[in-house]
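# Just a sequence and a predicted model for now, questions to come.
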Amino acid sequence: MVERARTRPANLILAGIIVLFGVVFFVVVQRTGRADSALLFVVLPTALAAGLALQPGKSTHGRVFRLTTIGLLLAAVAAHEGAICVVLAAPLVYLLAHGITALVRMAGGSRRLTVLLPLPLLLTGAEGVQPDWRVHPDQSVRVSREAHIDPAALPALLAAGPQPQDARPVALRLLGVPTPEHVHGSGLTPGDRWMFGYHGSSHGPGGQIVTEVVAAGPREITFAVVEDSSITGRWVGMRDATLSWQPGEQGGSEVTLRIGYRRGLDPFWYFGPLQDRFMHAGAEHFLNMLNLP
């Protein structure tokens, strides 16, 4: 008969500390007028963390997974509106935690190998400590779409400016990434401005992105970002954008949007591809906002 692992007093103490942590943050959230998001960002992750703390450990990797998850849940409570950052970073944290655990077990009693174990963590965390210690932070994405409209008639349609749309790309809907709720501005001549406003939500205050036409050609418009106070600015800094079009291979027009941005998260090997995917989804959403036929 297999003996079941029992909950130890240490598990009860850890669960009690977690509940106390959650109560403190719940009170803070209530007093700052964010009661509407307290259930999602405080109560739920605290309850999950306390439940995990009560589970007895059975294996080394099982205990590492449990403690890492508890840490991530409590980080999400502390970050509140920034919990989306915790979600994005979670796979990286699990990878490092279990990777180092595996190396420790392989090292056994070797002191030399044990001394070298922190090196992967130090190398991973060094990027971004100084502004110059970054790998390829300036990136760009390019998305094209076929439109059933003659290229000569397209400028008149684009000059009306974009209109807010519900997010359709899965990458945006999956994590509830904020998208513009109201848009002002029109025109394609130098000096014309388009403003993309974000409403405040459980993610935090909204803010806005203001773009200005800096160059206009017969088949290409270049925008500069003159203001970016949006909530998305904590993850990515918009720099510029180019909207171009040409005759399509099967008639109509091929519309291409290129967006230049500065990655806000490190390390590059993890957040680079991740932010590239989200920026592609954002570019697709912008093309949806243009109401192309």
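Nice, I can see it. Predicted model, so just to flag it, every value in this text is computed and none were measured.

# tell me the secondary structure for Val177?
coil (DSSP: H, G, I helix; E, B strand; the rest coil).

# correct me, but it touches Ala167?
Yes. Using C-beta atoms under 8 Å, Val177 makes contact with Ala167 at a distance of 7.2 Å. Heads up, the C-betas are built off the backbone N, CA and C, glycines and all.

# Buried ones in the strand or helix carrying Thr69, by neighbour count?
Thr69 belongs to helix 60-79 when assigned by DSSP states H and E. Under the neighbour-count criterion of 16 or more other C-beta atoms under 10 Å, helix 60-79 has 64-66, 68-70, 72-77 buried.

# Turn these into CSV, including distance to Ala50.
Shown next, in CSV, are the buried residues of helix 60-79 (distance: C-beta to C-beta, whole Å):
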residue, distance to Ala50
Val64, 19
Phe65, 16
Arg66, 12
Thr68, 16
Thr69, 12
Ile70, 9
Leu72, 14
Leu73, 9
Leu74, 10
Ala75, 15
Ala76, 14
Val77, 11
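
# Tell me where the stretch 151-293 of the chain has strands.
182-184, 193-197, 208-216, 220-228, 236-247, 253-263 (DSSP state E, counting those that start in this stretch).

# Identify the neighbouring strands of the fifth one in the sheet and state each direction.
Each strand that strand 236-247 pairs with, and the sense of that pairing, follows from DSSP bridges: strand 220-228 (antiparallel), strand 253-263 (antiparallel).

# Only the buried residues of that strand, if you could.
Across strand 236-247, burial judged by 16+ other C-beta under 10 Å covers 236-239, 241-245.

# Same check on the fourth one?
Neighbour-count burial for strand 220-228, with 16+ other C-beta under 10 Å as criterion, is recorded at 221-223, 225, 228.
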